[in-house]
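Asker: With the input below, show me the fold.
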Amino acid sequence: MDWEGLTKEQIQLGLPLLIIKGSKGFLGCGYINVEACNKTGEACAIVTGVKSHNDMPGAEIKAVSHGAQKLGVRIGMKGEQALEIFR
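Answerer: Numbers count the residues shown, from 1 in each chain. Purely as a prediction, here's the structure:
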């Protein structure tokens, strides 16, 4: 995975809260609430069952905010596809 142009954030909780952010949006783990992102206008896609940033590109997207949909991100895509859009 080419991480150039992406920022990785992690907060250690029971399981890690993970975010990979690009200039247009972010890929987050299941801790992130898509409805909150819709209210703030954030473009986000959610993957679940991940325990590290390295797991996220290969994971299937389970939820997408309205902002991410407008960019072309869809449920069922792989995280890596969304990251290319968000980059």
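Asker: what residue lies at the spatial centre of this protein?
Answerer: Leu27 (1.0 Å; Cα atoms, centre = their mean).
Asker: what about that one, which helix or strand?
Answerer: According to DSSP states H and E, Leu27 maps onto strand 26-28.
Asker: in its sheet, what does that strand sit against?
Answerer: strand 17-21 (antiparallel), strand 44-47 (parallel) (DSSP bridges).
Asker: mind checking how far that strand is from the chain centre?
Answerer: Taking Cα atoms, centre = their mean, to the nearest Å, one finds strand 26-28 lying 2 Å from the centre of the chain it belongs to.
Asker: what does stretch 4-21 give?
Answerer: Distance, centroid of stretch 4-21 to centroid of chain: 9 Å (Cα atoms, centre = their mean).
Asker: Is the residue in the chain sticking out farthest from the centre part of a helix or strand, or is it coil?
Answerer: Using Cα atoms, centre = their mean, the residue of the chain lying farthest from its centre is Gly14. It sits 19.2 Å away. Assigned with DSSP: H, G, I helix; E, B strand; the rest coil, Gly14 falls in the coil class.
Asker: Report pLDDT for it.
Answerer: Reported pLDDT at Gly14 in the predicted model: 91.
Asker: Check His66 too.
Answerer: In this model, His66 carries a pLDDT of 98.
Asker: Can you give me the neighbour number for Val64?
Answerer: 25 (other Cβ atoms under 10 Å). Bear in mind the C-beta positions are built from the backbone N, C-alpha and C, glycine included.
Asker: Identify the bridge partners of it.
Answerer: Ala45.
Asker: which residues in the chain form helices?
Answerer: In the chain, the helices defined using DSSP state H lie at 34-40, 66-71, 79-86.
Asker: Those helices: which one's closest to Gly5?
Answerer: helix 79-86 (9.2 Å; Cβ to Cβ).
Asker: Export only the CA atoms of the closest one, formatted as CSV.
Answerer: The C-alpha trace of helix 79-86 is given here as CSV (Å, rounded to 0.1, in the frame of the first residue of the first chain):
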residue,chain,number,x,y,z
GLY,A,79,-10.8,0.2,1.5
GLU,A,80,-7.9,0.7,-0.9
GLN,A,81,-10.3,1.9,-3.6
ALA,A,82,-11.9,4.5,-1.2
LEU,A,83,-8.4,5.7,-0.1
GLU,A,84,-7.5,6.4,-3.7
ILE,A,85,-10.6,8.5,-4.1
PHE,A,86,-10.0,10.2,-0.7
